[in-house]
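# fold the following, please.
(chains A and B)
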Amino acid sequence: MREREPKIVAFCCHYCAFAAADLAGVLRFRYPPNVHIIRLPCTGKLDALYLLKAFEAGADGVIVAGCLEGSCHFISGNIRAKRRVLAVKSLLSKIGIEPERLEFFNLSSAQGERFAQIAREMTERVRALGGKI
Amino acid sequence: MIVADQKPIEEILQMLEPYRKVLFLGCQSCVAVCMAGGEKEVGLLASAVRLARTRQGRPIEIAEGAVKRQCDDEFNEPWAKTLEHQEAVLSLACGVGVNKLSERFDLPILPALNTKFFGEVERQGIWSEVCAGCGNCILHVTGGICPIARCAKNLLNGPCGGVRADGTCEVSRNGPRPCAWVMIYERLGRLNQRKNMEQLFAAKDWSTDRHGGPRRRIREDMLLEG
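This next block holds a predicted model:
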């Protein structure tokens, strides 16, 4: 039987990562179809609860992707989101879930290829961790 | 407000070990403001505990809620029906809330927080202790800055030798803190009340603090019964 593809949820900022994902499609870069994108107006909108709920709902890995540092349209949304992601990573490690299943990335809207690469990297990383949460 | 800290998740998981059906009940007053036990923290903690228990292969069923003030029976009463179906309650209120629920309901009420002090919001994410609830306020003399709460030694008549050249105290918790008496001196100067420094306090009568036993306040005129 074929191994189940890991489910990845990607919380993407509207101005950068979401646009980068769009660009990846336009440029025909391939990335795993198991990456489910959720668009946020800014990663500053990210709530720690979204991350835990994603895992509860069956995600095997979660990506948070915001603008490059210094380029946030709302000045510091990406910096704040990064801090929240770090706090949740620390919580995950205390409740027996590998913190590597959650990662924060910075990218610009021009980095379509980088988005595809991140999607592939995270899928591989989560596959290596194996199992369901 | 009452400032509290969430207990380490490991400790919370250990407390919850014997139970499979628990109500997580937050409080929307002080502990919500200090981001320790409000509705939001209930959601986060419940989610984390569910994930942990699922991973351990021992799933837990969690009901979530938050009351206006857990220190008051009338706000807790609407939860009585829900509690009939629970094995325990994890209270995210301060210790007062835990006590209040324990007086009313005959099932284990577990504390999710460590209750710490009466504090102010220094800025978002930082709270500091400014009142000790000693029961005998002298803030009118000390320029509104409390030496009982803000001096490590509760000194009443000026600073000790532990004050550094930059005006900070040698005792430091979570970063350097200003010497309360340096603050009082400067503040009295701004208020043109520096003469207050000359007022000497006799040894403090601590009987109004906890040293006189658990405290109780009664207002006869507000009692409802006969």
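# kindly check the end-to-end length of stretch B:118-138 for me.
Using CA to CA, to the nearest Å, the span of stretch B:118-138 from its first residue to its last is 17 Å.
# doesn't residue B:115 belong to a helix?
No - the assignment for residue B:115, made by DSSP: H, G, I helix; E, B strand; the rest coil, is strand rather than a helix.
# I'd assumed residue B:2 was in contact with it.
Yes - using CB atoms under 8 Å, residue B:115 is in contact with residue B:2, at 6.4 Å. The C-beta positions use only the backbone N, C-alpha and C, and glycine is treated the same way.
# any common contacting residues for the two?
B:94, B:96 (CB atoms under 8 Å, 6 or more residues apart in numbering or on different chains).
# between those two, which is the more surrounded one?
Neighbour count, other CB atoms under 10 Å in any protein chain shown: between residue B:115 and residue B:2, residue B:2 has more, with 24 against 19.
# phi, psi for the more buried one please.
phi -80, psi 120 (degrees, to the nearest 10).
# let me see the contact set for it.
B:30, B:31, B:34, B:94, B:96, B:115, B:117, B:118, B:119.
# for residue B:51, same thing?
Residue B:51 sits next to A:52, A:55, A:56, A:95, A:97, A:133 when contact means CB under 8 Å, 6+ apart.
# what does residue B:53 give?
B:13, B:16, B:59, B:60.
# of those, which ones also sit close to chain A?
Counting by CB under 8 Å from any CB of the partner chain, residue B:13 from the contacts of residue B:53 sit close to chain A.
# got a quick ChimeraX command for the buried subset of the contacts of residue B:53?
The ChimeraX selection below is limited to those of those classed as buried (16 or more other CB atoms under 10 Å in any protein chain shown):
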select /B:13,16,60
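# reformat the contacts of residue B:53 as CSV; add distance to residue B:186.
As requested, the contacts of residue B:53 are arranged in CSV below (distance: CB to CB, whole Å):
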residue, distance to residue B:186
B:13, 47
B:16, 49
B:59, 58
B:60, 53
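# between the contacts of residue B:53, which is nearest residue A:33?
residue B:59 (30.0 Å; CB to CB).
# what's the most distant pair in the contacts of residue B:53?
Maximum distance among the contacts of residue B:53 (CB to CB): 13.2 Å, for B:13 and B:59.
# residue 76: what's it in contact with?
Using chain A. With contact set as CB under 8 Å, 6+ apart, residue A:76 has these partners: residue A:44.
# oops, chain B please
Residues in contact with residue B:76, defined by CB under 8 Å, 6+ apart, are B:67, B:70, B:100, B:101, B:104.
# how about CSV for those residues, with pLDDT and secondary structure added?
Rendered in CSV, the data for the contacts of residue B:76 read as follows (pLDDT from 0 to 100; DSSP: H, G, I helix; E, B strand; the rest coil):
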residue, pLDDT, secondary structure
B:67, 98, strand
B:70, 98, coil
B:100, 98, helix
B:101, 98, helix
B:104, 97, helix
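# neighbour-wise, give me the winner out of these.
Within the contacts of residue B:76, most neighbours by other CB under 10 Å means residue B:70, with 29 neighbours.
# from the contacts of residue B:53, which is closest to chain A?
residue B:13 (7.4 Å; CB to the nearest CB).
# so the closest one touches residue B:55, yeah?
No - between residue B:13 and residue B:55 there is no contact under CB under 8 Å: 10.7 Å.
# columns pLDDT on top of the contacts of residue B:2, output as CSV?
Output for these, formatted as CSV (pLDDT from 0 to 100):
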residue, pLDDT
B:30, 97
B:31, 98
B:34, 97
B:94, 98
B:96, 98
B:115, 98
B:117, 97
B:118, 97
B:119, 96
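# between these, which is nearest chain A?
Nearest to chain A among the contacts of residue B:2 is residue B:34, at 16.2 Å by CB to the nearest CB.
# who's in contact with the closest one?
When contacts are counted by CB under 8 Å, 6+ apart, residue B:34 touches B:1, B:2, B:3, B:4, B:119, B:121, B:127.
# among those residues, name the ones in strands.
Cross-referencing the contacts of residue B:34 against strands under DSSP state E gives B:2, B:3, B:4, B:119, B:121, B:127.
# filter these to the buried ones?
The neighbour count (16+ other CB under 10 Å) marks B:2, B:3, B:4, B:119, B:127 as buried among those.
# what about the residue lying closest to residue A:95 once chain neighbours are set aside, helix or strand, and which?
Distance criterion CB to CB, 6 or more residues apart in numbering or on different chains; nearest residue to residue A:95, sequence neighbours excluded, is residue B:52 at 3.7 Å. With secondary structure defined by DSSP states H and E, residue B:52 is part of helix B:39-55.
# would TSV of the contacts of residue B:2 with distance to residue B:172 be doable?
Below are these laid out as TSV (distance: CB to CB, whole Å):
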residue	distance to residue B:172
B:30	25
B:31	25
B:34	21
B:94	25
B:96	29
B:115	22
B:117	16
B:118	20
B:119	17
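# of those, which pair is most distant in space?
B:96 and B:119, at 15.2 Å, using CB to CB across the contacts of residue B:2.
# where does pLDDT dip in the chain?
Defaulting to chain A. Applying pLDDT under 70 to chain A flags residues A:1-3, A:131-133.
# oops, wrong one, chain B.
The model of chain B has pLDDT under 70 over residues B:226.
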